[in-house]
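J.: coordinates only, no sequence provided:
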Ligand SMILES: NC(=O)C1=CN([C@@H]2O[C@H](COP(=O)(O)OP(=O)(O)OC[C@H]3O[C@@H](n4cnc5c(N)ncnc54)[C@H](O)[C@@H]3O)[C@@H](O)[C@H]2O)C=CC1
Ligand SMILES: NCC(=O)COP(=O)(O)O
């Protein structure tokens, strides 16, 4: 079965990196996929063959000779690097269609291209990001999902996500840490075949609170979560000082780092693996991945966007879907 790849914002680099992934399909043995988005957004940045398809099943045969595309209309004027509101609506429609096709079983997994959160908010999108939107469409409480950033030598998961940093301290609870960590533990087993995942839990404050002198979150919120997780048989250690848990030797001791806020998780991942980082939503009934980067409007249309993270996202989605299907057969 093919994978569904939503192109993301038509003025961002999504169309270009999906087209470049298709260009590389034979050389790097990419599994078949079809794009969901607008044809013009591809033609503005790419001269390769596109074939409009009506159903995902047509993608398998088409994929060899042309990029299969499920067309999404009315994107407005598409100028790479210059986002607009019709483009944001097109990105949202593409996402909605790709999620629906994957939920229906017509595609094996979902890969999403980068969208602009501010553009989506401007058209009334009420979710913080695609992760929360997809969770809702799948009928899963957001607390029972996890946004995992994954590269070849590091996986990180933020417990609190898209919110002002000042709110993260107030939204961090023992229950939320437990539910995210459980989701990660199950996801590593189910989708990555790691039977006994090792989780390293970061502190929130400098020096993991320095015994309470630099903050109480470790003592009052994080340590009780780790204790509860360990009582369930989950191999979780911490709270660890976040400044020293991401260097090479430290990374060998765990399969995923559970981080307390967005940048604590995303800075180390992007610093180490920007070009091949994958964002995967764990805890869903479908497999969903995305490249770790954003719309990169500043370079859209210049022909220099690297497709590596999109390729890694496509590959990871296919591998996880296959592993999950085999496990649950
Ligand atoms: N999953 C998603 O849909 C994500 C969306 N975003 C959105 O993207 C927009 C822009 O966010 P930024 O913080 O500027 O991050 P960004 O990732 O778009 O860009 C950061 C820097 O990396 C470069 N870059 C990014 N991807 C690249 C690629 N494939 N090849 C070469 N260079 C690349 C950009 O040119 C820029 O210099 C925001 O509106 C944000 O909401 C950000 C992260 C993830
Ligand atoms: N910073 C990561 C990010 O923005 C991912 O967002 P989304 O996939 O939830 O839209």
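T.: All right, it came through fine. Computed from a predicted model, the values in this text were never measured in an experiment. Residues are numbered from 1 along each chain as shown. Ligands and ions are numbered 1, 2, ... in the order given.
J.: what about residue 207, neighbour count?
T.: A count of neighbours around residue 207, defined by other C-beta atoms under 10 Å, yields 15. The C-beta positions use only the backbone N, C-alpha and C, and glycine is treated the same way.
J.: which residues touch it?
T.: 214, 241, 243 (C-beta atoms under 8 Å, 6 or more residues apart in numbering).
J.: excluding its backbone neighbours, what's nearest the second one?
T.: The one in question is residue 241. residue 208 (4.6 Å; C-beta to C-beta, 6 or more residues apart in numbering).
J.: make TSV from the contacts of residue 207 and add distance to ligand 2 and neighbour count to it.
T.: Formatted as TSV, the contacts of residue 207 follow (distance: C-beta to the nearest ligand atom, whole Å; neighbours: other C-beta atoms under 10 Å):
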residue	distance to ligand 2	neighbour count
214	27	15
241	23	16
243	21	13
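J.: please identify the one among those that lies nearest to ligand 1.
T.: residue 243 (22.7 Å; C-beta to the nearest ligand atom).
J.: distance check, residue 246 against ligand 1.
T.: 20 Å (C-beta to the nearest ligand atom, to the nearest Å).
J.: ok, now residue 84?
T.: Between residue 84 and ligand 1 the computed distance is 14 Å (C-beta to the nearest ligand atom).
J.: what about the residue nearest the centre of the chain, which SS state?
T.: The residue lying closest to the centre of the chain (C-alpha atoms, centre = their mean) is residue 279, at 2.5 Å. Under DSSP: H, G, I helix; E, B strand; the rest coil, the three-state class of residue 279 is strand.
J.: including secondary structure, could the contacts of residue 207 go into TSV?
T.: Formatted as TSV, the contacts of residue 207 follow (three-state DSSP):
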residue	secondary structure
214	coil
241	coil
243	helix
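J.: quick check: pLDDT value at the nearest residue to the residue nearest to the centre of the chain once chain neighbours are set aside.
T.: Spatial nearest neighbour of residue 279, excluding adjacent residues (C-beta to C-beta, 6+ apart): residue 290 at 4.5 Å. You'll see residue 290 listed with a pLDDT of 98.
J.: would you confirm that residue 290 contacts residue 312?
T.: No - contact status for residue 290 versus residue 312: not in contact, 10.3 Å apart, counting by C-beta atoms under 8 Å.
J.: distance between the helix or strand residue 225 falls within and the chain's centre?
T.: Assessed by DSSP states H and E, residue 225 sits inside helix 223-231. Here the centre of helix 223-231 is set off from its chain's centre by 27 Å, with C-alpha atoms, centre = their mean, to the nearest Å.
J.: next, the buried residues of that helix.
T.: 223, 225-226, 228-229 (16 or more other C-beta atoms under 10 Å).
J.: now, which of those sits nearest ligand 2?
T.: Nearest to ligand 2 among the buried residues of helix 223-231, with distances taken as C-beta to the nearest ligand atom, is residue 225, at 22.8 Å.
J.: name the nearest residue to that closest one, sequence neighbours excluded.
T.: Residue 225's closest residue in space is residue 177 (C-beta to C-beta, 6+ apart), at 3.8 Å.
J.: ok but the one you found is inside a strand, no?
T.: No - applying three-state DSSP, one finds residue 177 to be helix, outside a strand.
J.: what sits against it?
T.: If you count contacts by C-beta under 8 Å, 6+ apart, residue 177 has them with 159, 201, 221-222, 225-226, 258, 260.
J.: tell me the spacing between residue 51 and residue 42.
T.: 11 Å (C-beta to C-beta, to the nearest Å).
J.: what is in contact with the two at once?
T.: In contact with both residue 51 and residue 42: 67, 69, using C-beta under 8 Å, 6+ apart.
J.: the two - which one has more neighbours?
T.: The residue with more neighbours, out of residue 51 and residue 42, is residue 42; 24 against 15, by other C-beta under 10 Å.
J.: helix or strand for the more buried one, which one?
T.: Using DSSP H and E, residue 42 falls in helix 39-43.
J.: re the thing from before, quick one: average confidence on the helix holding residue 225?
T.: 98.
J.: equivalent analysis for stretch 98-113, please.
T.: 98.
J.: so which bits of stretch 235-248 are buried?
T.: 236, 238-242, 245-246.
J.: tell me the spacing between the closest residue to ligand 1 within the chain and residue 190.
T.: In the chain, no residue comes nearer to ligand 1 than residue 294, which is 2.2 Å away by C-beta to the nearest ligand atom. As for residue 294, its distance to residue 190 is 28 Å (criterion: C-beta to C-beta).
J.: I'd like to know which elements whichever strand or helix holds residue 90 is packed against.
T.: In this structure, residue 90 sits in helix 85-103 according to DSSP H and E. Helices and strands touching helix 85-103, by 3 or more C-beta pairs under 8 Å, 6 or more residues apart in numbering; DSSP states H and E, are strand 3-6, strand 33-37, strand 110-112, helix 117-122, helix 130-137.
J.: how about a cut-off of 6 Å?
T.: Judged by 3 or more C-beta pairs under 6 Å, 6 or more residues apart in numbering; DSSP states H and E, helix 85-103 is in contact with strand 3-6, strand 33-37.
J.: so in that sheet, which strands flank the first one, and in what orientation?
T.: Each strand paired with strand 3-6, and its direction, by DSSP bridges: strand 33-37 (parallel), strand 110-112 (parallel).
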